[in-house]
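1. Pasting the sequence and the predicted coordinates here, then a few questions.
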Amino acid sequence: MALFVTVACALIGNYLVLRRISLVGDAISHSVLPGIAIAFIMTGSRTGTPMFIGALVAGVAATVFIEILHSRSRLKQDAAIGITFSTLFAIGVILISIHGAHTDLDLDCVLFGKMDFLPVKEPVFLGLPGVAVTMGALAFCVGLLIILFYKELLVSSFDPALAASMGIHPRLVHYLLMSVLSVVVVGAFTSVGAILVIAMLILPAATSCLLSERLWVMMLLSLLHAFLSSLAGVHLAVALQVPTAPACVVAGTGLFVIAWIASPRQGLISLWLRNPDPEGAMEA
């Protein structure tokens, strides 16, 4: 499950970093909370389908609200993101506090996930529980969509005007990308919650950005980061007897720090070797 979550987040996270909208992932991950709460209030069910639909609708709605605030006011995108996700998250906390007080609708599970409890669930395929199978299928679908629409995503990410001249609708691509992001965030909810999924969206892409400027290479490096961080995270969790999801994030951060220090072009060591005395160089 750790691998499936990190792979799906890594693939979609590359486009968030390239488009400089990494905090949109943060906004969506927090904004799905009221969708979950409203789905529970309307159906009284904690099963996967109503929760998934409610969270997905809330995630897409958050994207629309951000775009409306950004495009129809003087607010910059970061301010629009902050207003949207904090307000929706607060509404979700209030709804869960009111209507989930007499149920086992666990707010901590929503925030931090319960990956460590997945082994007790009933296996449905190859010894995996249903939520892990769903996340694996989701990761596969995200990879397939990126392969099929690689050109459209590439052009619209780097040059929206060029994309429009080629007959590609950059705004439509953006909304579809945000819809896929919402699905990924909702799928990862059960295991890592609303907080740690942000790191899994950003860390692999940020690490790969330090190592390459080519998108397809970034994709491969982010997948490698996902594999290594999930593997090291699970071992770290077992060794220290700590929750798995935060252990995976710590392992991923460690890989980022290594890339930050040792990157051939943008690493701290490389920059120091090219300019060991920046103050002296400025005086000269």
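-> Arrived safely, thanks for sending. This structure is a prediction, so every number in the text was calculated from the model and none was measured.

2. Where does pLDDT dip in the protein?
-> 45-48, 100-114, 116-125, 190, 193-195, 277-284 (pLDDT under 70).

3. just the helices in it please.
-> 2-18, 22-43, 48-71, 77-99, 107-112, 130-148, 150-158, 160-165, 170-211, 215-240, 244-262, 268-274, 278-283 (DSSP state H).

4. Dump these into JSON lines; add mean neighbour count as well.
-> For glycine as for every other residue, the C-beta is placed from the backbone atoms N, C-alpha and C. Compiled in JSON lines, those are given as follows (neighbours: other CB atoms under 10 Å):
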{"stretch": "helix 2-18", "mean neighbour count": "26"}
{"stretch": "helix 22-43", "mean neighbour count": "24"}
{"stretch": "helix 48-71", "mean neighbour count": "19"}
{"stretch": "helix 77-99", "mean neighbour count": "17"}
{"stretch": "helix 107-112", "mean neighbour count": "16"}
{"stretch": "helix 130-148", "mean neighbour count": "17"}
{"stretch": "helix 150-158", "mean neighbour count": "18"}
{"stretch": "helix 160-165", "mean neighbour count": "14"}
{"stretch": "helix 170-211", "mean neighbour count": "23"}
{"stretch": "helix 215-240", "mean neighbour count": "18"}
{"stretch": "helix 244-262", "mean neighbour count": "19"}
{"stretch": "helix 268-274", "mean neighbour count": "11"}
{"stretch": "helix 278-283", "mean neighbour count": "8"}
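
5. List the contacts of the residue nearest the centre of the chain.
-> By CA atoms, centre = their mean, the chain has its centre lying nearest to L201, at 3.1 Å. By CB atoms under 8 Å, 6 or more residues apart in numbering, the contact list for L201 reads C9, A10, I12, G13, L16, S22, G25, S29, L181, V185.

6. from what I can see the first one touches V184, true?
-> So that's C9. Yes. C9 is within contact range of V184, at 6.2 Å (criterion: CB atoms under 8 Å).

7. Tell me if I'm right that L221 and T207 touch.
-> Yes. At 7.0 Å, L221 counts as touching T207 under the criterion of CB under 8 Å.

8. What separation do you get for M219 and S182?
-> 21 Å (CB to CB, to the nearest Å).

9. for V60, same thing?
-> Relative to S182, and taking CB to CB, V60 is found at 5 Å.

10. likewise F52?
-> Taking CB to CB, one finds F52 at 10 Å from S182.

11. One more: H30?
-> 12 Å.

12. Equivalent analysis for V17, please.
-> 18 Å.

13. Check L33 too.
-> L33 is 13 Å from S182, by CB to CB.

14. With I168 instead?
-> 21 Å.

15. likewise R274?
-> To S182, R274 is 42 Å away according to CB to CB.

16. if I pick P50, what's in contact with it?
-> Here P50 is in contact with A39, F40, M42, T43 (criterion: CB under 8 Å, 6+ apart).

17. Okay, the closest residue to the last one other than its chain neighbours and M42: tell me how far apart.
-> Sequence neighbours aside, P50 is the residue nearest to T43 in space, at 4.5 Å (criterion: CB to CB, 6 or more residues apart in numbering). Distance of P50 to M42, computed by CB to CB: 8 Å.

18. any idea how far M166 lies from S156?
-> 9 Å.

19. Over to L144?
-> Noted for L144: a distance of 19 Å to S156, by CB to CB.

20. swap in I28?
-> 19 Å.

21. Over to S31?
-> Distance of S31 to S156, given as CB to CB: 23 Å.

22. do L255 as well
-> 29 Å.

23. can you check L148 too?
-> 14 Å.

24. got it, and T244?
-> 36 Å.
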